[in-house]
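**Student:** task: produce atomic coordinates for the following.
(one chain, ligands or ions: 2)
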Amino acid sequence: MKSAITVSLVPQAKGGPFVFWDGLDAAFKSAQNLGFNAVEIFPPAADALDAAQIRGLMDKHQLAVAAVGTGGGWVAHQWHLCHPEPEIRSQARSFVRAMIRRAGELGAPAILGSMQGRVLPGIEREQALEWLREALSEFDAEASQAGQVFLYEPLNRYETNLFNRSPDAAAFLDAAGLPNTRILADLFHMNIEEASIPDALKASAHRLGHVHFADSNRQAVGFGHTHMPPILDALRSVNYSGFLSAEILPLPDSETAARQTLAAFRALVNPR
Ligand code: LER
Ligand code: MN
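**Tutor:** Ligands and ions are numbered 1, 2, ... in the order given. Here you go, the predicted model:
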């Protein structure tokens with residue numbers, strides 16, 4: 001397993017679960033100094049990411065890009081895939097597709113989290129699921145062309161009513177086909193929704209592609225009360241070799257949250 005730390009380039013997301021906020025140069029420098037393997041980027045849009053510049057930072061600091069989030073389209077524009085207006089759904093799909101291509105240039109997958117939206121009043125659930133299916137099949141193909149997987153993230157009930165639990169999301173992806181789409185398992189959302197995080201990870205292991213490494217209170221692992229050893233045992237038992245990426249609140253400050261994450265990562269991934 002590999003460690004990653006998040007950086008937000010979206011000022012409107014202030015207060016959100018991202019560790020670094022002071023630009024890519026500073027984030028890559030800190031991530032390297034602290035000993036992370038990768039950075040996960042939350043940009044306002046694909047064209048805010050200069051691929052050549054970021055590849056330069058990756059080389060200079062010997063870091064990968066773990067993933068690129070697409071939630072900026074929701075935070076900045078309130079676009080999402082289940083909006084009743086077709087033009088907004090279309091904007092949302094274009095936004096995510098552009099991010100998939102740009103992330104691919106960085107050797108990274110894109111994430112569908114907040115941009116999935118929700119079933120709004122007056123819309124049938126089956127209709128919303130059809131919109132989601134159509135969009136995911138576009139993203140699956142776009143990611144395949146970019147040589148990457150695509151990451152679909154179940155969110156807790158306060159953020160979506162599409163899929164809250166990983167095994168349900170995995171069953172939906174299986175039924176839809178989507179050979180190139182993987183589940184992003186966010187331990188914060190799972191702590192709210194799953195009866196057992198280890199069991200849910202095992203039940204969706206065939207689709208597992210990325211992990212958001214967060215404690216019960218969305219702080220650095222070790223700063224909340226989630227019991228982590230059985231979660232790491234479950235990940236090892238399914239041979240998960242992807243990222244544990246800290247999408248967490250920068251509390252009490254970015255540096256402390258990042259240091260705690262890496263200490264927890266090392267203790268949990270390589271227990272004595
Ligand atoms: C996105 O990765 C996520 O987990 C959502 O809660 C939006 O922050
Ligand atoms: Mn997440």
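
**Student:** need the contact list for the spatially most central residue of the chain.
**Tutor:** Central residue of the chain (Cα atoms, centre = their mean): Ile111, 5.1 Å from the mean position. Residues near Ile111 by Cβ atoms under 8 Å, 6 or more residues apart in numbering: 67-71, 151, 153, 184, 210. Where you see a C-beta, it was placed from the backbone N, CA and C, and this is true even at glycine.

**Student:** pairing partners for the helix or strand harbouring it, with directions?
**Tutor:** In the assignment (DSSP states H and E), Ile111 maps to strand 110-112. Strand 110-112 pairs in its sheet with strand 64-69 (parallel), strand 150-152 (parallel), by DSSP bridges.

**Student:** neighbours around the closest residue to ligand 1 within the chain, how many?
**Tutor:** Residue of the chain nearest ligand 1, by Cβ to the nearest ligand atom: Gly113 (3.2 Å). By other Cβ atoms under 10 Å, the residues close to Gly113 number 22.

**Student:** grab the nearest non-local neighbour of it.
**Tutor:** Glu153 (4.3 Å; Cβ to Cβ, 6 or more residues apart in numbering).

**Student:** hang on, the one you found packs against Leu187?
**Tutor:** No: contact criterion Cβ atoms under 8 Å: Glu153 and Leu187 do not qualify, at 11.6 Å.

**Student:** neighbour count winner among those two?
**Tutor:** Neighbour count, other Cβ under 10 Å: between Glu153 and Leu187, Glu153 has more, with 29 against 24.

**Student:** which residues of the stretch 51-200 of the chain lie near ligand 2?
**Tutor:** Within the stretch 51-200 of the chain, the positions adjacent to ligand 2 are Asp186 by Cβ under 5 Å from the ion.

**Student:** can you give me the helices for the protein?
**Tutor:** Taking DSSP state H, the helices of the chain run over residues 24-34, 51-61, 72-77, 86-105, 125-145, 166-176, 187-193, 197-203, 229-237, 254-269.

**Student:** in JSON lines: the ones you listed, plus mean pLDDT and distance to ligand 1.
**Tutor:** Below are the helices of the chain laid out as JSON lines (pLDDT from 0 to 100; distance: least, Cβ to the nearest ligand atom, whole Å):
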{"stretch": "helix 24-34", "mean pLDDT": "98", "distance to ligand 1": "17"}
{"stretch": "helix 51-61", "mean pLDDT": "98", "distance to ligand 1": "20"}
{"stretch": "helix 72-77", "mean pLDDT": "97", "distance to ligand 1": "8"}
{"stretch": "helix 86-105", "mean pLDDT": "98", "distance to ligand 1": "13"}
{"stretch": "helix 125-145", "mean pLDDT": "98", "distance to ligand 1": "15"}
{"stretch": "helix 166-176", "mean pLDDT": "98", "distance to ligand 1": "13"}
{"stretch": "helix 187-193", "mean pLDDT": "98", "distance to ligand 1": "6"}
{"stretch": "helix 197-203", "mean pLDDT": "98", "distance to ligand 1": "15"}
{"stretch": "helix 229-237", "mean pLDDT": "98", "distance to ligand 1": "17"}
{"stretch": "helix 254-269", "mean pLDDT": "98", "distance to ligand 1": "15"}
